[in-house]
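J.: predicted coordinates and the sequence they were generated for:
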Amino acid sequence: MSTNKISSSPAPFIPFTRPHFDQETIDAVAEILRSSWVTSGPKLAEFESALSAYFGGRPVRCFANGTATMKIALQLAGIGPGDEVITTPISWVATSNVILSVGATPVFVDVDPITRNIDLTKVVTAITSKTRAIMPVYLAGLPVNMNELYALAKQHKIRVIEDAAQAFGSQWEGQKIGSFGDLVSFSFQANKNLSTVEGGCLVLNNIDEAKLSEKLRLQGVTRQGMDGMDVDVLGGKDNLTDVNAVIGLHQLKQLPAFQSRRSALARQYFDAIRSEMKSATLGGLHLELPVENFTDSNWHMFQVVLPLEKLHVDRAQVMTELKELGIGSGVHYPIITGFTLYQKLGYKTAATPIAERIGRSILTLPLFPGMADEDIARITSALVGILKKHRKN
């Protein structure tokens, strides 16, 4: 007995991101593992040299993660107890946690509703006699207005520590983010445009900062000769290994192709979402799209802000239904001042109402170089269908 049933397999799951490591990279990691040196060594030095060249010759030092880079930047700037650092409430919580970790106080300024980055026009009113630095975040790789940022810092004589974790490959007026400015911190975590699996780098102003950062990343140790060792500052254990560094070297070579593909996918998102929203009967329902910037942004993520006030469901339900359709999504980020730790410290989400709304409504859609063109249509169709199903009458 035979049947003529046509079998259909479900479409493959699309995660919100997926790192890409080619065979050459995998072989290079294997070679490091077969060598006699797997921790910080020659490949780390080579990676730092390549990064320095990428940033126009500025000193660069690498670290175990992008949290260490920010903390050490604060230490290099001499920031500690009694000091204030102005930052954004829409970021990965590490941005403000590192400020707390050195004994300083985060001061949160609301975000611009269009860029979703810190609103520089509101920073001035937050500056006090205790303000030592401003730490902007370039959400999804879109920089703030760098001219305004550094003019503000110069006027008030404060340091700038750029949380450029998501902005490797972004630029401003034709200059790479990191090739100019003050202290600039990047993350190489698994979901970043350039990944070392875990890791990060700090772009520095001079060799003295570079030498001190080397001490701070490895227990404060300096070595001289065959057996000379000294410790004159308190450091941690934040060094990057050669295994991570060799991945970074190969990712750096592939970065132009990664960037080109991300931009192409982002363009498709704009076209597909607008087309879907136009054809669907949504009764005025709309998605807030990111800034359509293909000059400065590296398109680290593609984020929309959901019209929750016009839906019968919350963001979690939208994400659940997307997952049921084989589509991953993310939240980047909930408002930092809503976390219990920060509530206990006296912070209020109501103090930054734009950030509160965005933190509650923002949704990250899949975007990574390995996506297929047809994935964009599938994602946008699914999302618009969910909105249509749950819209309020």
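T.: Ah, there it is.
J.: need the three-state assignment for residue 229.
T.: strand (DSSP: H, G, I helix; E, B strand; the rest coil).
J.: next one, pLDDT for the nearest residue to it once chain neighbours are set aside please.
T.: Excluding the flanking residues, the one nearest residue 229 by CB to CB, 6 or more residues apart in numbering is residue 223, at 5.5 Å. All C-beta spots, glycine's among them, are computed from the backbone N, C-alpha and C. Residue 223 is assigned a pLDDT of 91 by the prediction.
J.: buried ones in the helix or strand encompassing residue 223?
T.: For residue 223, the enclosing helix or strand under DSSP states H and E is strand 221-224. Applying a neighbour-count criterion of 16 or more other CB atoms under 10 Å, one finds nothing buried in strand 221-224.
J.: quick one: strands adjacent to that strand?
T.: Each strand paired with strand 221-224, and its direction, by DSSP bridges: strand 228-231 (antiparallel).
J.: number of nearby residues for residue 80?
T.: Other residues lying near residue 80 total 12 when counted by other CB atoms under 10 Å.
J.: show the contacting residues for it.
T.: Residues in contact with residue 80 (CB atoms under 8 Å, 6 or more residues apart in numbering) are 102-104.
J.: using the three-state scheme, assign it.
T.: coil.
J.: can you check the pLDDT for it?
T.: For residue 80, pLDDT reads 98.
J.: one more: residue 88?
T.: At residue 88, pLDDT is 98.
J.: residues near it, how many?
T.: 30.
J.: OK, contacts around it?
T.: Residue 88 neighbours (CB under 8 Å, 6+ apart): 95, 108-109, 111, 117-118, 136-137, 139, 355.
J.: which of the contacts of residue 80 tops the neighbour count?
T.: Counting neighbours by other CB under 10 Å, the top entry in these is residue 104, with 22 neighbours.
J.: setting aside sequence neighbours, what's the nearest residue to that residue?
T.: residue 83 (4.4 Å).
J.: touching, that neighbour and residue 100? I think so.
T.: No - taking contacts as CB atoms under 8 Å, residue 83 lies outside contact range of residue 100: 11.6 Å.
J.: which of those two has more residues huddled nearby?
T.: Comparing residue 83 with residue 100 by other CB under 10 Å, the one with more neighbours is residue 83, at 18 against 15.
J.: and the gap between the more buried one and residue 209?
T.: Here the criterion is CB to CB, to the nearest Å. By it, residue 83 lies 18 Å from residue 209.
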